[in-house]
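Student: Got a predicted structure here, sequence first:
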Amino acid sequence: MPSSREAMVHRGDEDEVCPVCKSSRYLNPDMRFLINPECYHKMCESCVDRIFSSGPANCPVAGCHKTLRKNRFRKQTFEDINVEREVDIRRRVMTVLNRREEEFDSKLDWDNFLEQREEMIFNLVNKVDVAKTEANLQKYAADNMSSIRANQALEAKEVTSFQERQNQEQELARMRRQAAREEYENERKEILAGREDVLTRLASGQPADAAAIAREGQKVILKKSSARRSEEERIRQKQAALRGTDAKKPGQTTATTAEEAGSGLIKGLKKVKTPEPEKPYDPFGGMVPNKRDYYSLQDDYPSSYLDPIRQDHRMLAGGYDLQEYYSRTLLEAFAGLGCFIDEEVSKREANSFNFVKPVGTHGALAATPGSQGDK
(Lines give C-alpha, C1' and ligand atoms only; values in the text may rest on other atoms or scores of the structure.)
Protein backbone atom coordinates (compact mmCIF):
# COMPACT_ATOMS: atom_id res chain seq x y z
CA MET A 1 0.00 0.00 0.00
CA PRO A 2 1.60 3.32 -1.01
CA SER A 3 2.36 5.84 1.71
CA SER A 4 0.63 9.23 1.99
CA ARG A 5 3.78 11.03 0.82
CA GLU A 6 3.91 8.96 -2.38
CA ALA A 7 0.17 9.61 -2.94
CA MET A 8 0.74 13.35 -2.69
CA VAL A 9 3.62 13.12 -5.15
CA HIS A 10 1.54 11.16 -7.68
CA ARG A 11 -1.34 13.58 -7.20
CA GLY A 12 0.98 16.47 -7.98
CA ASP A 13 2.11 14.71 -11.12
CA GLU A 14 -1.50 14.26 -12.23
CA ASP A 15 -2.19 17.98 -11.69
CA GLU A 16 0.66 18.79 -14.07
CA VAL A 17 -0.81 16.66 -16.88
CA CYS A 18 -3.29 18.10 -19.39
CA PRO A 19 -6.54 16.05 -19.25
CA VAL A 20 -7.09 16.55 -23.00
CA CYS A 21 -3.77 15.85 -24.75
CA LYS A 22 -2.12 14.08 -21.76
CA SER A 23 0.98 16.24 -22.11
CA SER A 24 3.10 16.58 -18.97
CA ARG A 25 4.98 19.54 -17.62
CA TYR A 26 7.83 17.15 -16.88
CA LEU A 27 8.43 16.70 -20.64
CA ASN A 28 7.49 20.27 -21.56
CA PRO A 29 8.60 22.73 -18.83
CA ASP A 30 7.24 25.72 -20.80
CA MET A 31 3.69 24.36 -20.78
CA ARG A 32 1.12 26.82 -19.41
CA PHE A 33 -2.20 25.67 -17.96
CA LEU A 34 -5.42 27.73 -18.15
CA ILE A 35 -8.83 27.47 -16.48
CA ASN A 36 -12.33 28.66 -17.37
CA PRO A 37 -14.68 30.02 -14.64
CA GLU A 38 -17.57 28.05 -16.15
CA CYS A 39 -16.30 24.64 -15.03
CA TYR A 40 -12.77 25.28 -13.64
CA HIS A 41 -11.26 22.37 -15.59
CA LYS A 42 -7.57 22.91 -16.22
CA MET A 43 -6.05 22.31 -19.67
CA CYS A 44 -2.95 23.39 -21.51
CA GLU A 45 -2.79 26.53 -23.63
CA SER A 46 -2.22 24.61 -26.89
CA CYS A 47 -5.46 22.64 -26.38
CA VAL A 48 -7.35 25.85 -25.70
CA ASP A 49 -6.08 27.37 -28.96
CA ARG A 50 -6.83 24.22 -30.92
CA ILE A 51 -10.37 23.61 -29.62
CA PHE A 52 -11.78 27.09 -28.99
CA SER A 53 -10.13 29.30 -31.64
CA SER A 54 -12.98 28.76 -34.10
CA GLY A 55 -15.68 29.69 -31.57
CA PRO A 56 -17.53 28.38 -28.50
CA ALA A 57 -17.33 24.63 -27.88
CA ASN A 58 -18.15 22.08 -25.22
CA CYS A 59 -15.62 21.32 -22.52
CA PRO A 60 -13.46 18.37 -23.69
CA VAL A 61 -13.24 16.90 -20.17
CA ALA A 62 -15.32 13.72 -19.86
CA GLY A 63 -18.65 14.28 -18.15
CA CYS A 64 -18.62 18.10 -18.53
CA HIS A 65 -21.03 19.46 -21.13
CA LYS A 66 -20.69 23.20 -20.46
CA THR A 67 -20.09 25.55 -23.35
CA LEU A 68 -16.80 27.42 -23.04
CA ARG A 69 -15.33 30.44 -24.83
CA LYS A 70 -11.70 31.19 -25.42
CA ASN A 71 -11.78 34.72 -24.04
CA ARG A 72 -12.88 33.40 -20.62
CA PHE A 73 -9.79 31.25 -20.13
CA ARG A 74 -7.20 32.66 -17.73
CA LYS A 75 -4.26 31.59 -15.64
CA GLN A 76 -4.96 29.99 -12.27
CA THR A 77 -4.16 32.26 -9.31
CA PHE A 78 -4.47 29.91 -6.34
CA GLU A 79 -3.03 26.43 -6.08
CA ASP A 80 -6.31 24.94 -4.83
CA ILE A 81 -9.02 25.08 -7.50
CA ASN A 82 -11.75 25.20 -4.81
CA VAL A 83 -10.25 28.37 -3.40
CA GLU A 84 -10.10 29.79 -6.92
CA ARG A 85 -13.79 29.05 -7.45
CA GLU A 86 -14.84 30.51 -4.08
CA VAL A 87 -12.91 33.71 -4.70
CA ASP A 88 -14.59 34.17 -8.10
CA ILE A 89 -18.06 33.55 -6.66
CA ARG A 90 -17.44 35.94 -3.77
CA ARG A 91 -16.21 38.63 -6.13
CA ARG A 92 -19.25 38.23 -8.39
CA VAL A 93 -21.79 38.33 -5.54
CA MET A 94 -20.16 41.29 -3.80
CA THR A 95 -20.12 43.20 -7.10
CA VAL A 96 -23.93 42.95 -7.18
CA LEU A 97 -24.68 43.19 -3.44
CA ASN A 98 -22.44 46.19 -2.89
CA ARG A 99 -24.59 48.12 -0.44
CA ARG A 100 -22.76 50.33 2.07
CA GLU A 101 -23.29 50.67 5.80
CA GLU A 102 -24.54 54.26 5.60
CA GLU A 103 -27.48 53.12 3.45
CA PHE A 104 -29.09 51.21 6.35
CA ASP A 105 -31.20 52.52 9.21
CA SER A 106 -29.39 50.64 11.98
CA LYS A 107 -26.36 48.47 12.70
CA LEU A 108 -28.65 45.43 13.03
CA ASP A 109 -29.96 45.90 9.48
CA TRP A 110 -26.39 46.18 8.20
CA ASP A 111 -25.40 42.96 10.00
CA ASN A 112 -28.45 41.18 8.59
CA PHE A 113 -27.45 42.26 5.09
CA LEU A 114 -23.91 40.92 5.58
CA GLU A 115 -25.32 37.62 6.85
CA GLN A 116 -27.67 37.36 3.88
CA ARG A 117 -24.81 38.02 1.46
CA GLU A 118 -22.61 35.39 3.09
CA GLU A 119 -25.49 32.90 2.97
CA MET A 120 -25.84 33.43 -0.79
CA ILE A 121 -22.10 32.94 -1.26
CA PHE A 122 -22.25 29.75 0.82
CA ASN A 123 -25.11 28.38 -1.29
CA LEU A 124 -23.29 29.05 -4.54
CA VAL A 125 -19.98 27.63 -3.29
CA ASN A 126 -21.52 24.46 -1.87
CA LYS A 127 -24.16 24.13 -4.65
CA VAL A 128 -27.18 24.49 -2.36
CA ASP A 129 -30.32 25.96 -4.01
CA VAL A 130 -28.18 27.31 -6.83
CA ALA A 131 -31.11 28.03 -9.18
CA LYS A 132 -33.05 29.98 -6.56
CA THR A 133 -29.99 31.91 -5.41
CA GLU A 134 -29.01 32.82 -8.97
CA ALA A 135 -32.58 33.94 -9.72
CA ASN A 136 -32.66 36.20 -6.64
CA LEU A 137 -29.27 37.63 -7.52
CA GLN A 138 -30.25 38.38 -11.12
CA LYS A 139 -33.58 39.90 -10.07
CA TYR A 140 -31.85 42.17 -7.57
CA ALA A 141 -29.27 43.20 -10.17
CA ALA A 142 -32.02 44.09 -12.66
CA ASP A 143 -34.07 46.09 -10.14
CA ASN A 144 -31.15 48.00 -8.60
CA MET A 145 -28.82 48.62 -11.53
CA SER A 146 -28.52 52.36 -10.87
CA SER A 147 -27.62 51.82 -7.20
CA ILE A 148 -25.07 49.14 -8.09
CA ARG A 149 -23.40 51.41 -10.63
CA ALA A 150 -23.39 54.35 -8.22
CA ASN A 151 -21.71 52.27 -5.49
CA GLN A 152 -19.20 50.88 -7.99
CA ALA A 153 -18.34 54.40 -9.13
CA LEU A 154 -17.98 55.52 -5.51
CA GLU A 155 -15.74 52.55 -4.71
CA ALA A 156 -13.58 53.26 -7.75
CA LYS A 157 -13.34 56.89 -6.69
CA GLU A 158 -12.26 55.86 -3.19
CA VAL A 159 -9.59 53.56 -4.61
CA THR A 160 -8.33 56.33 -6.88
CA SER A 161 -8.29 58.80 -3.99
CA PHE A 162 -6.40 56.32 -1.81
CA GLN A 163 -3.79 55.79 -4.54
CA GLU A 164 -3.43 59.54 -5.00
CA ARG A 165 -2.89 60.00 -1.25
CA GLN A 166 -0.30 57.22 -1.29
CA ASN A 167 1.52 58.86 -4.20
CA GLN A 168 1.37 62.24 -2.48
CA GLU A 169 2.76 60.80 0.75
CA GLN A 170 5.58 59.10 -1.15
CA GLU A 171 6.34 62.33 -2.99
CA LEU A 172 6.32 64.30 0.28
CA ALA A 173 8.62 61.74 1.88
CA ARG A 174 10.99 62.02 -1.09
CA MET A 175 10.92 65.81 -0.88
CA ARG A 176 11.60 65.68 2.87
CA ARG A 177 14.59 63.40 2.33
CA GLN A 178 15.89 65.66 -0.39
CA ALA A 179 15.36 68.76 1.76
CA ALA A 180 17.17 67.06 4.65
CA ARG A 181 20.15 66.24 2.40
CA GLU A 182 20.23 69.79 1.05
CA GLU A 183 19.95 71.18 4.57
CA TYR A 184 22.81 69.00 5.72
CA GLU A 185 24.97 70.11 2.79
CA ASN A 186 24.11 73.78 3.32
CA GLU A 187 24.85 73.55 7.02
CA ARG A 188 28.18 71.82 6.34
CA LYS A 189 29.11 74.49 3.78
CA GLU A 190 28.14 77.28 6.19
CA ILE A 191 30.27 75.75 8.94
CA LEU A 192 33.26 75.43 6.60
CA ALA A 193 32.77 78.96 5.29
CA GLY A 194 32.54 80.30 8.86
CA ARG A 195 35.70 78.48 9.86
CA GLU A 196 37.56 79.82 6.82
CA ASP A 197 36.34 83.34 7.59
CA VAL A 198 37.48 83.05 11.20
CA LEU A 199 40.89 81.70 10.11
CA THR A 200 41.26 84.48 7.55
CA ARG A 201 40.42 87.15 10.12
CA LEU A 202 42.75 85.58 12.65
CA ALA A 203 45.58 85.48 10.12
CA SER A 204 45.12 89.14 9.18
CA GLY A 205 44.28 90.47 12.69
CA GLN A 206 46.10 91.01 15.91
CA PRO A 207 46.73 88.22 18.49
CA ALA A 208 44.71 90.12 21.11
CA ASP A 209 41.60 90.00 18.91
CA ALA A 210 41.63 86.19 18.53
CA ALA A 211 39.08 85.47 21.30
CA ALA A 212 36.68 88.19 20.11
CA ILE A 213 36.84 86.97 16.51
CA ALA A 214 36.16 83.36 17.58
CA ARG A 215 33.14 84.40 19.71
CA GLU A 216 31.73 86.50 16.89
CA GLY A 217 32.04 83.62 14.42
CA GLN A 218 30.30 81.23 16.83
CA LYS A 219 27.43 83.72 17.29
CA VAL A 220 26.91 83.97 13.55
CA ILE A 221 26.74 80.18 13.19
CA LEU A 222 24.28 79.86 16.09
CA LYS A 223 22.08 82.63 14.71
CA LYS A 224 21.83 80.95 11.31
CA SER A 225 21.01 77.58 12.90
CA SER A 226 18.27 79.15 15.07
CA ALA A 227 16.67 80.89 12.07
CA ARG A 228 16.72 77.63 10.09
CA ARG A 229 15.07 75.70 12.92
CA SER A 230 12.36 78.36 13.29
CA GLU A 231 11.57 78.14 9.57
CA GLU A 232 11.38 74.35 9.73
CA GLU A 233 9.01 74.50 12.72
CA ARG A 234 6.76 76.97 10.89
CA ILE A 235 6.60 74.70 7.84
CA ARG A 236 5.75 71.65 10.00
CA GLN A 237 2.93 73.53 11.76
CA LYS A 238 1.53 74.65 8.41
CA GLN A 239 1.57 71.08 7.06
CA ALA A 240 -0.13 69.76 10.23
CA ALA A 241 -2.85 72.41 9.90
CA LEU A 242 -3.43 71.44 6.26
CA ARG A 243 -3.71 67.75 7.18
CA GLY A 244 -6.21 68.58 9.92
CA THR A 245 -8.33 70.57 7.45
CA ASP A 246 -8.39 67.67 5.00
CA ALA A 247 -9.39 65.23 7.75
CA LYS A 248 -12.42 67.34 8.71
CA LYS A 249 -13.98 67.16 5.25
CA PRO A 250 -17.31 65.26 5.37
CA GLY A 251 -17.57 61.94 3.69
CA GLN A 252 -19.70 61.33 0.68
CA THR A 253 -22.81 59.23 0.75
CA THR A 254 -24.65 57.39 -1.97
CA ALA A 255 -28.16 58.21 -3.06
CA THR A 256 -30.74 55.63 -4.09
CA THR A 257 -34.03 55.96 -5.85
CA ALA A 258 -37.38 55.19 -4.29
CA GLU A 259 -37.89 51.90 -6.10
CA GLU A 260 -34.42 50.70 -5.04
CA ALA A 261 -35.06 51.47 -1.38
CA GLY A 262 -38.13 49.26 -1.53
CA SER A 263 -36.31 46.19 -2.89
CA GLY A 264 -37.73 42.91 -1.66
CA LEU A 265 -34.35 41.17 -1.26
CA ILE A 266 -32.63 43.69 1.03
CA LYS A 267 -34.40 44.83 4.20
CA GLY A 268 -33.74 47.78 6.46
CA LEU A 269 -32.70 50.35 3.86
CA LYS A 270 -33.23 54.01 4.66
CA LYS A 271 -36.28 55.68 3.25
CA VAL A 272 -35.39 57.98 0.40
CA LYS A 273 -36.55 61.53 0.98
CA THR A 274 -37.01 63.62 -2.13
CA PRO A 275 -35.69 67.11 -1.43
CA GLU A 276 -38.30 69.82 -1.67
CA PRO A 277 -37.81 72.37 -4.45
CA GLU A 278 -36.19 75.53 -3.25
CA LYS A 279 -38.71 78.30 -2.75
CA PRO A 280 -38.12 81.78 -4.17
CA TYR A 281 -36.46 84.26 -1.88
CA ASP A 282 -38.92 86.18 0.29
CA PRO A 283 -37.37 89.33 1.80
CA PHE A 284 -40.35 89.75 4.21
CA GLY A 285 -40.16 86.17 5.62
CA GLY A 286 -43.77 85.31 4.74
CA MET A 287 -45.26 88.59 5.89
CA VAL A 288 -47.37 90.55 3.40
CA PRO A 289 -46.75 94.32 3.54
CA ASN A 290 -49.74 96.50 4.51
CA LYS A 291 -51.82 93.43 5.45
CA ARG A 292 -53.37 93.17 8.90
CA ASP A 293 -55.51 90.49 10.54
CA TYR A 294 -58.23 92.69 12.02
CA TYR A 295 -58.45 95.71 9.71
CA SER A 296 -57.54 96.97 6.27
CA LEU A 297 -55.89 100.31 5.67
CA GLN A 298 -57.84 102.68 3.42
CA ASP A 299 -56.59 105.64 1.44
CA ASP A 300 -58.80 108.22 3.16
CA TYR A 301 -60.73 108.62 6.43
CA PRO A 302 -63.23 111.46 6.97
CA SER A 303 -62.12 113.68 9.87
CA SER A 304 -62.80 117.34 10.70
CA TYR A 305 -59.31 117.55 12.19
CA LEU A 306 -57.42 115.98 9.28
CA ASP A 307 -59.34 117.54 6.37
CA PRO A 308 -57.69 120.99 6.78
CA ILE A 309 -54.28 119.34 6.98
CA ARG A 310 -54.92 117.45 3.73
CA GLN A 311 -55.59 120.78 2.00
CA ASP A 312 -52.64 122.62 3.62
CA HIS A 313 -49.64 122.43 1.29
CA ARG A 314 -47.35 123.96 3.89
CA MET A 315 -47.66 120.93 6.17
CA LEU A 316 -47.47 118.40 3.38
CA ALA A 317 -44.36 120.08 1.93
CA GLY A 318 -42.38 119.22 5.05
CA GLY A 319 -42.81 115.47 4.45
CA TYR A 320 -45.88 114.89 6.60
CA ASP A 321 -47.82 111.85 5.27
CA LEU A 322 -51.35 111.14 6.38
CA GLN A 323 -51.01 107.46 5.34
CA GLU A 324 -48.33 107.00 7.97
CA TYR A 325 -50.61 108.56 10.55
CA TYR A 326 -53.49 106.24 9.55
CA SER A 327 -51.26 103.15 9.68
CA ARG A 328 -49.74 103.95 13.09
CA THR A 329 -53.08 104.89 14.67
CA LEU A 330 -54.91 101.75 13.49
CA LEU A 331 -51.99 99.52 14.52
CA GLU A 332 -52.04 100.93 18.04
CA ALA A 333 -55.83 100.58 18.21
CA PHE A 334 -55.91 96.92 17.17
CA ALA A 335 -52.58 95.82 18.70
CA GLY A 336 -54.10 94.04 21.70
CA LEU A 337 -56.76 92.02 19.89
CA GLY A 338 -54.43 89.06 19.34
CA CYS A 339 -53.51 88.77 23.03
CA PHE A 340 -55.72 86.65 25.32
CA ILE A 341 -54.63 87.28 28.88
CA ASP A 342 -56.84 84.63 30.49
CA GLU A 343 -55.36 81.86 28.35
CA GLU A 344 -51.80 82.98 29.00
CA VAL A 345 -52.38 83.17 32.76
CA SER A 346 -54.00 79.73 32.89
CA LYS A 347 -51.13 78.21 30.94
CA ARG A 348 -48.57 79.86 33.19
CA GLU A 349 -50.33 78.60 36.31
CA ALA A 350 -50.64 75.07 34.88
CA ASN A 351 -46.91 74.96 34.16
CA SER A 352 -45.89 76.26 37.58
CA PHE A 353 -45.30 73.77 40.40
CA ASN A 354 -46.07 76.01 43.40
CA PHE A 355 -48.96 78.49 43.24
CA VAL A 356 -48.05 80.17 46.56
CA LYS A 357 -44.48 80.96 47.35
CA PRO A 358 -43.40 79.79 50.82
CA VAL A 359 -42.50 82.32 53.49
CA GLY A 360 -38.78 82.50 54.22
CA THR A 361 -38.79 82.61 58.07
CA HIS A 362 -41.14 82.03 60.97
CA GLY A 363 -41.01 85.71 61.80
CA ALA A 364 -42.20 86.63 58.35
CA LEU A 365 -44.96 84.06 58.66
CA ALA A 366 -46.10 85.60 61.96
CA ALA A 367 -46.07 89.09 60.44
CA THR A 368 -48.20 88.00 57.50
CA PRO A 369 -51.79 89.36 57.71
CA GLY A 370 -54.31 86.62 58.50
CA SER A 371 -51.77 84.38 60.24
CA GLN A 372 -52.25 82.81 63.68
CA GLY A 373 -50.17 85.49 65.36
CA ASP A 374 -52.81 88.17 64.53
CA LYS A 375 -55.70 86.23 65.95
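Tutor: Right, received. Where do you want to start?
Student: Skipping its backbone neighbours, what lies nearest Leu265 in space?
Tutor: Residue nearest to Leu265 in three dimensions, not counting chain neighbours: Tyr140, with 4.6 Å by Cβ to Cβ, 6 or more residues apart in numbering. All C-beta spots, glycine's among them, are computed from the backbone N, C-alpha and C.
Student: Which parts of this protein are helices?
Tutor: Counting by DSSP state H, residue ranges of the helices within the chain are 4-15, 45-52, 81-96, 107-126, 130-143, 145-204, 210-247, 258-261, 306-311, 313-317, 322-333, 341-351, 362-367.
Student: Now the weakest link among these, please, by mean pLDDT.
Tutor: Mean pLDDT values for the helices of the chain show the minimum at helix 258-261, a mean of 45.
Student: how many neighbours does the residue nearest to Leu265 have?
Tutor: 20 (other Cβ atoms under 10 Å).
Student: same check, this time on the one 3 residues further on
Tutor: The burial metric for Asp143, expressed as a neighbour count using other Cβ under 10 Å, is 16.
Student: and it, how far is that from Tyr295?
Tutor: Per Cβ to Cβ, to the nearest Å, Asp143 is found 60 Å from Tyr295.
Student: Make CSV out of the helices of the chain and add distance to Gly268.
Tutor: Output for the helices of the chain, formatted as CSV (distance: least, Cβ to Cβ, whole Å):
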stretch, distance to Gly268
helix 4-15, 45
helix 45-52, 45
helix 81-96, 18
helix 107-126, 3
helix 130-143, 15
helix 145-204, 15
helix 210-247, 30
helix 258-261, 10
helix 306-311, 72
helix 313-317, 73
helix 322-333, 56
helix 341-351, 41
helix 362-367, 64
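Student: Nearest spatial neighbour of Phe33, chain-adjacent residues omitted?
Tutor: Closest residue to Phe33 apart from its sequence neighbours, by Cβ to Cβ, 6+ apart: Lys42 at 4.9 Å.
Student: ok, the one you found - contacts?
Tutor: The contact partners of Lys42, by Cβ atoms under 8 Å, 6 or more residues apart in numbering, come to Asp15, Cys18, Pro19, Phe33, Leu34, Ile35, Gln76, Ile81.
Student: Inside strands: which ones of those residues?
Tutor: Judged by DSSP state E, the contacts of Lys42 include Phe33, Leu34, Ile35 as members of strands.
Student: would you turn the residues you listed into TSV with neighbour count, distance to Tyr325 and pLDDT?
Tutor: Listed next are the ones in strands among the contacts of Lys42 as TSV, based on neighbours: other Cβ atoms under 10 Å; distance: Cβ to Cβ, whole Å; pLDDT from 0 to 100:
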residue	neighbour count	distance to Tyr325	pLDDT
Phe33	18	102	89
Leu34	18	98	90
Ile35	21	96	89
